[in-house]
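Asker: quick one, what's the 3D model for this:
(one chain, ligands or ions: 1)
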Amino acid sequence: MNLLRPVRRLACGRFSLPLERPLVMGVVNVTPDSFSDGGRHDTVDAAIAHARRLIAEGADLIDIGGESTRPGAAPVAPEEEIARVVPVLDALRDCGVPLSVDTRHPSTMRAAIEHGADMINDIAALREPGAIDVVRDARCAVCLMHMQGEPATMQQAPAYDEVVSEVGHFLDARVAALRVSGVARERIVVDPGIGFGKTLRHNLLLLGALDELAAGGQPVLIGVSRKSMLGDLTGRPAGQRLAGSLAAMLAAVARGAAIVRVHDVAESRDALRVWMAIDDAQ
Ligand code: YH5
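Answerer: Numbering: from 1, shown residues only. Now for the predicted structure:
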């Protein structure tokens, strides 16, 4: 939050993405539980088909993840993660939109970059030893996300004195660590990590103060689609959280979010189109 000049275009691998309007990142999970109980081949094929559908619906980027990081989820070995993600990257390379890979493992980052990933989206903000070295000499964008604890245990007892300033300072420090390593500001996105070691109250305070985070000048990514906080607020299961997801997304965009990570691309695009028409008319 210490730098004020806003990044206007994101340097994202093969792409230079204008940030005047919010970008929609479509979520593609390459995990057996999400698509099928068949083998890895079925899982990969289903993910590729799903990504093509999200691109047809108008996704500006695709985020490919081979490890479930939902609260309580077990970790996946990097070798298995690579075996899931790389065939999806290979299949989608020429689909016309930037490809992001959601991983915290440097070996997966390296494989992803070798196979054309345009962004590395790391829920651990490149804290794993060697992670910064992997991205430094590449052209990919990086998303640095705040998380308190580890996915397996992070929701057991989240605690902060001042959640907004603590998350802000953490992200500032991670941006600084990348910059001293030689990563240009134009490649760095920040994310407060909704649901990652946070209570409902923490999530609401962070969403409400997103403008403070955005004032730091780095593009802000927000992922709230279908998350538990929406279940907490509405009482609905994950499959019935679309209306809640759209409301939270628009609240984030109103406070300066540059990229929204969503499962429901067509509906999110419609909501954003209506939202932006009102802004544009003024
Ligand atoms: C994020 O916010 N989130 S994976 C639990 C759900 C629904 C969805 C209980 N990767 C983010 O999407 N990367 C994930 O229902 C992310 N920001 C960034 N940058 C978790 C997820 C989910 C979890």
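
Asker: for this protein, what lies in contact range of the ligand?
Answerer: The chain comes close to the ligand at residues 69-70, 102, 121, 123, 143, 145, 191, 193-195, 221, 223, 226-228, 238, 261, as judged by Cβ under 6 Å from any ligand atom. Any C-beta I mention is one placed from the backbone N, CA and C, and that applies to glycine too.

Asker: can you say which of those residues are buried?
Answerer: 69, 102, 121, 123, 143, 145, 191, 193-195, 221, 223, 226-228, 261 (16 or more other Cβ atoms under 10 Å).

Asker: so which residue of this structure comes closest to the ligand?
Answerer: residue 223 (2.4 Å; Cβ to the nearest ligand atom).

Asker: where along the protein do the strands fall?
Answerer: 9-12, 15-18, 23-29, 61-65, 99-102, 119-122, 141-145, 188-191, 221-223, 259-262 (DSSP state E).

Asker: which parts of the stretch 151-282 of the chain are helices?
Answerer: Under the criterion DSSP state H, counting those that start in this stretch, helices of the stretch 151-282 of the chain are mapped to 163-180, 200-208, 210-214, 228-234, 242-254, 265-281.

Asker: as JSON lines, those with mean pLDDT and distance to residue 20 would be great.
Answerer: Listed next are the helices of the stretch 151-282 of the chain as JSON lines, based on pLDDT from 0 to 100; distance: least, Cβ to Cβ, whole Å:
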{"stretch": "helix 163-180", "mean pLDDT": "98", "distance to residue 20": "22"}
{"stretch": "helix 200-208", "mean pLDDT": "98", "distance to residue 20": "22"}
{"stretch": "helix 210-214", "mean pLDDT": "97", "distance to residue 20": "14"}
{"stretch": "helix 228-234", "mean pLDDT": "98", "distance to residue 20": "28"}
{"stretch": "helix 242-254", "mean pLDDT": "98", "distance to residue 20": "12"}
{"stretch": "helix 265-281", "mean pLDDT": "97", "distance to residue 20": "10"}
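
Asker: any idea which of those helices gets closest to residue 13?
Answerer: helix 163-180 (16.0 Å; Cβ to Cβ).

Asker: which residues sit in contact with residue 229?
Answerer: 194-195, 200, 203-204, 248 (Cβ atoms under 8 Å, 6 or more residues apart in numbering).

Asker: also residue 161?
Answerer: So residue 161 contacts nothing (Cβ under 8 Å, 6+ apart).

Asker: for the protein, give me the ranges with low pLDDT.
Answerer: 1-3, 33-37 (pLDDT under 70).

Asker: could you rerun that using 90?
Answerer: Within the chain, the segments meeting pLDDT under 90 span 1-4, 32-39, 68-75.

Asker: now for the closest residue to residue 118 other than its chain neighbours, how many residues are close by?
Answerer: Excluding its sequence neighbours, the residue lying closest to residue 118 (Cβ to Cβ, 6 or more residues apart in numbering) is residue 13, at 2.8 Å. Counted with other Cβ atoms under 10 Å, the neighbours of residue 13 add up to 21.
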